[in-house]
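In: fold the following and give me the result.
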Amino acid sequence: MRQLFGEHGRMAAAAVIAGLFAVILLYPEGILKLLGGFSVTSGVTDTSETREILQKLSKKGSPKLAVENKVLEIGDSILLQDMVTEASHGTSPDLQEQVRYYLEDGTEVNGSYEISGDKPGVIRIRFVLIGEDYMETWKSGYIQVQSRKADPQITALIEEWEMGEEGEDVRARLYKKEDETLFLSLEGKGRVKSLNQDTVPWKEMRETIEACRIEKGIEIKRMDGWFYQCRSLKEIPWMPETAESFRYTFKGCGQLRAAGIPGGAKDIEGMYEDCGNLELTGPIPSGVRNCRNTFKNCGKLKGSVELLGCPAQYEGCFLQAATNVGDFCLQLVADREDKAAAAEAMYKEAVNDNSSCRIFVRKI
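Out: Below is the predicted model:
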């Protein structure tokens, strides 16, 4: 009985204290008048100071904190401080630095903490603002993560890497799709740092990547070995015209059936070497200076290739190419003798290497 009374007593005391505080906030003038009627003899309490504090509290009210809920697509990210739209109190219009952030598990983090959407779902955040005179208020918010509109089949973000030069916002993201295949996406804008087959961040997972996309606005100078031995890759991505070097970019990509070479290319040595299922390709651009081994061992290559320029280095360009199909036409698009000589040399080298390869030159 004593324990029960004690619990009820504590609850009643708490209620009384809360009620007194509410009365002070709602009727400060009356309280001040009441306080003014008492005479202070001890010298410890100053009625004017108390009156001033109460007046300040009545004017300030509670701290103001407003947050905006966010919707992210898989792969996108946001800083928690970007969710806060207002944090003020009294004479302090900007108290964003005083906001505290708590994750769902209660972990406290700072405003620069980045939330990334790695799979669909809802992420809840608690925001607490400590205002003037240690007054406190809080809000709850959430971040909803949904599938990407452009790629609704994407279900999860597996890995993410910084790809841009210093100060550039370019990222490579590896996604999982509904069919459990992996999709590599280069996203953002700006210049990409120099990478090759040994330094690309996805090299440990290269054999499981089935598709790739490079967004417009990304500037690439060299793509040497980027997709080297990506044995599951089924199509080549769009490649920017700013790229000049493609040495061994798709070497060993055995699932590719169609190829292409960007117009700004200058060095395409081994670009499609050992692509055993490659059947079709676009023209060899006029700016290409080195096409050694470009289509070496592409046994199913057929149709025709336009030679738009005159490569200075072309040894092995079509070695062991078109060995399984029959006719293959290397078209010469111009009437310059040096280009004709280069095409003839490519033809003779291929025929001498494998007599079943029926490549011939046609001037147009």
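In: for the stretch 201-350 of the chain, which segments count as strands?
Out: With DSSP state E, counting those that start in this stretch, the ranges of strands along the stretch 201-350 of the chain come out as 209-214, 218-219, 258-259, 280-281, 303-307, 327-332.
In: reformat the ones you listed as CSV; add mean pLDDT, distance to residue 68 and mean neighbour count.
Out: Backbone N, C-alpha and C define where each C-beta goes, glycine included. Output for those, formatted as CSV (pLDDT from 0 to 100; distance: least, C-beta to C-beta, whole Å; neighbours: other C-beta atoms under 10 Å):
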stretch, mean pLDDT, distance to residue 68, mean neighbour count
strand 209-214, 93, 30, 19
strand 218-219, 94, 30, 20
strand 258-259, 94, 46, 18
strand 280-281, 88, 50, 19
strand 303-307, 81, 55, 19
strand 327-332, 67, 59, 18
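In: backbone torsions only: list them for residue 179.
Out: Main-chain torsions, residue 179, degrees, to the nearest 10: phi -90, psi 10.
In: residues touching it, list them.
Out: If a contact means C-beta atoms under 8 Å, 6 or more residues apart in numbering, then residue 179 has residue 153 as its contacts.
In: got the strands of the stretch 201-350 of the chain as TSV, with distance to residue 194 columns?
Out: Converted to TSV, the strands of the stretch 201-350 of the chain look like this (distance: least, C-beta to C-beta, whole Å):
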stretch	distance to residue 194
strand 209-214	16
strand 218-219	12
strand 258-259	24
strand 280-281	26
strand 303-307	29
strand 327-332	33
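In: of all those strands, which one is nearest residue 288?
Out: Closest to residue 288 of those is strand 303-307 (C-beta to C-beta; 8.9 Å).
In: quick revisit: among the strands of the stretch 201-350 of the chain, which comes closest to residue 182?
Out: strand 209-214 (5.0 Å).
In: would you agree residue 140 is in contact with residue 123?
Out: No. Residue 140 is beyond contact range of residue 123, at 11.6 Å (criterion: C-beta atoms under 8 Å).
In: which of the two has more neighbours?
Out: Here residue 140 and residue 123 are compared on neighbour count by other C-beta atoms under 10 Å; more neighbours surround residue 123, at 17 against 11.
In: give me the element the more buried one is part of.
Out: Here residue 123 sits within strand 121-130, counting by DSSP states H and E.
In: name the residues that touch the helix or strand that that strand is followed by?
Out: Next helix or strand after strand 121-130 toward the C-terminus (DSSP H and E): strand 136-146. Strand 136-146 is contacted from outside by 62-74, 78, 83, 115, 117-131, using C-beta under 8 Å, 6+ apart.
In: please redo it, this time with the cut-off set to 6 Å
Out: Strand 136-146 is contacted by residues 62-63, 65, 67, 69-72, 83, 115, 117, 120-130 when judged by C-beta atoms under 6 Å, 6 or more residues apart in numbering.
In: need the nearest residue in space to residue 148, chain neighbours excluded.
Out: In this structure, residue 148 finds its nearest non-sequential neighbour in residue 73, 4.5 Å apart by C-beta to C-beta, 6 or more residues apart in numbering.
In: that neighbour: neighbour count?
Out: Residues lying near residue 73 (other C-beta under 10 Å) number 16.
In: so what's the residue lying closest to residue 242 once chain neighbours are set aside bridging to?
Out: Nearest non-adjacent residue to residue 242, counting by C-beta to C-beta, 6+ apart: residue 219, 5.0 Å away. Here residue 219 sits in beta bridges with residue 191, going by DSSP bridges.
In: any idea how far residue 219 is from residue 225?
Out: 19 Å (C-beta to C-beta, to the nearest Å).
In: now swap in residue 247 and tell me
Out: With the distance defined as C-beta to C-beta, residue 247 ends up 7 Å from residue 225.
In: what do you get for residue 234?
Out: Applying C-beta to C-beta to residue 234 and residue 225 gives a distance of 19 Å.
In: for these two, indicate the residue with more neighbours.
Out: When residue 234 and residue 225 are compared for neighbours, residue 225 comes out ahead with 22 against 16, by other C-beta under 10 Å.
In: now do the contacts for that one.
Out: If you count contacts by C-beta under 6 Å, 6+ apart, residue 225 has them with 196, 197, 248.
In: assign the first one to helix, strand or coil.
Out: Just to be clear, that refers to residue 196. coil (DSSP: H, G, I helix; E, B strand; the rest coil).
In: pretty sure it sits against residue 226.
Out: No. Using C-beta atoms under 6 Å, residue 196 makes no contact with residue 226, being 7.8 Å away.
In: which one's more surrounded, those two?
Out: residue 226 (28 against 17).
In: mind listing what the more buried one touches?
Out: Contact analysis of residue 226 by C-beta under 6 Å, 6+ apart lists 200, 249.
In: dig out what the one residue sitting closest to the centre of the chain forms beta bridges with.
Out: The centroid of the chain falls nearest to residue 171 when counting by C-alpha atoms, centre = their mean (4.7 Å). Beta bridges link residue 171 to residue 162, residue 187 when assigned by DSSP bridges.
In: mind listing what's buried along stretch 196-207?
Out: Within stretch 196-207, the residues that count as buried by 16 or more other C-beta atoms under 10 Å are 196, 197, 200, 202, 203, 206.
In: among the strands of the stretch 201-350 of the chain, which comes closest to residue 350?
Out: Nearest to residue 350 among the strands of the stretch 201-350 of the chain is strand 327-332 (8.5 Å), distances taken as C-beta to C-beta.
In: mind listing what's buried in stretch 122-135?
Out: Applying a neighbour-count criterion of 16+ other C-beta under 10 Å, one finds 123, 125, 126, 127, 128, 129, 130, 131, 132 buried in stretch 122-135.
In: mean confidence score for it?
Out: Mean pLDDT, stretch 122-135: 88.
In: cool, and stretch 101-110?
Out: Per-residue pLDDT over stretch 101-110 has a mean of 93.
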